[in-house]
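Enquirer: Using only what follows, build the 3D model:
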Amino acid sequence: MDQKPLGLLTIHIKRGINLAIRDHRSSDPYVVITVADQTLKTRVVKKNCNPIWNEEMTVAIKDPNVPIRLTVFDWDKFTGDDKMGDANVDIQPYLEALKMGMELLRLPNGCAIKRVQPSRENCLSDESSIVWNNGKITQDMILRLNNVECGEIEIMLEWHEGAGCRGVTSSTKGAGSSSFT
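Expert: Numbering: from 1, shown residues only. Now for the predicted structure:
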């Protein structure tokens, strides 16, 4: 039996910072997001170790404990693509903030709900803020890539709930929304 998702997580892949060189003088990077049986991929940015993607990818979250894996590759035309590092995206602090639900309506725009510090467990390279803005909760983060000599990826998380979603807010019954407009 197929389990209904808690909700949909949009991952905005903003840019890469100081990615590793895998070709002669540069790389042709792209990002792959993997969550359980879902795999999504950005476009390739040619010859750029500081690429700007500005692409949004949405995945269904059925189990919040299943890791979200971000892997960067260098595209190669004639050989297999080279791995340029990976990171796990820790959404637990973000989901905790979402559970605050209707209490957030009283907050002013731009208010930081929670600050997440870098640790060995979360791949953050700097403090990450979970912010209430324009009726939505978002989290910007810069992830330090593992298994590579250098590189970071800047992303933003945004949660959506709709018909058919179980929801994460403890104060609502049935499907709800993390967008309070």
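
Enquirer: Now do the contacts for Cys111.
Expert: Residues counted as contacts of Cys111 (CB atoms under 8 Å, 6 or more residues apart in numbering) are 131-132. In short, each C-beta sits where N, CA and C put it, glycine included.

Enquirer: can I assume Val31 is in contact with Gly151?
Expert: No - shown here, Val31 and Gly151 do not form a contact pair, counting by CB atoms under 8 Å, at 11.1 Å.

Enquirer: Okay, now the unreliable bits of the chain?
Expert: In the predicted model, the chain carries pLDDT under 70 at residues 1-2, 102, 169-181.

Enquirer: Swap in 50 and give it another go.
Expert: For the chain, the stretches flagged by pLDDT under 50 are 1, 170-181.

Enquirer: ranges for the helices of it?
Expert: For the chain, the helices defined by DSSP state H cover 92-98.

Enquirer: C-alpha coordinates for stretch 41-51, PDB please?
Expert: Presented in PDB, the C-alpha positions along stretch 41-51 are these (Å, rounded to 0.1, in the frame of the first residue of the first chain):
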ATOM      1  CA  LYS A  41      18.700  16.400 -11.600                       C
ATOM      2  CA  THR A  42      19.600  20.000 -12.500                       C
ATOM      3  CA  ARG A  43      20.900  21.100 -15.800                       C
ATOM      4  CA  VAL A  44      24.600  21.000 -16.500                       C
ATOM      5  CA  VAL A  45      26.500  24.300 -16.200                       C
ATOM      6  CA  LYS A  46      29.500  24.200 -18.600                       C
ATOM      7  CA  LYS A  47      33.000  25.100 -17.600                       C
ATOM      8  CA  ASN A  48      32.200  26.700 -14.200                       C
ATOM      9  CA  CYS A  49      33.300  25.900 -10.700                       C
ATOM     10  CA  ASN A  50      30.900  28.600  -9.300                       C
ATOM     11  CA  PRO A  51      27.700  27.700 -11.200                       C
END
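
Enquirer: how far out from the middle of the chain is that stretch?
Expert: Distance, stretch centre to chain centre, for stretch 41-51: 17 Å (CA atoms, centre = their mean, to the nearest Å).
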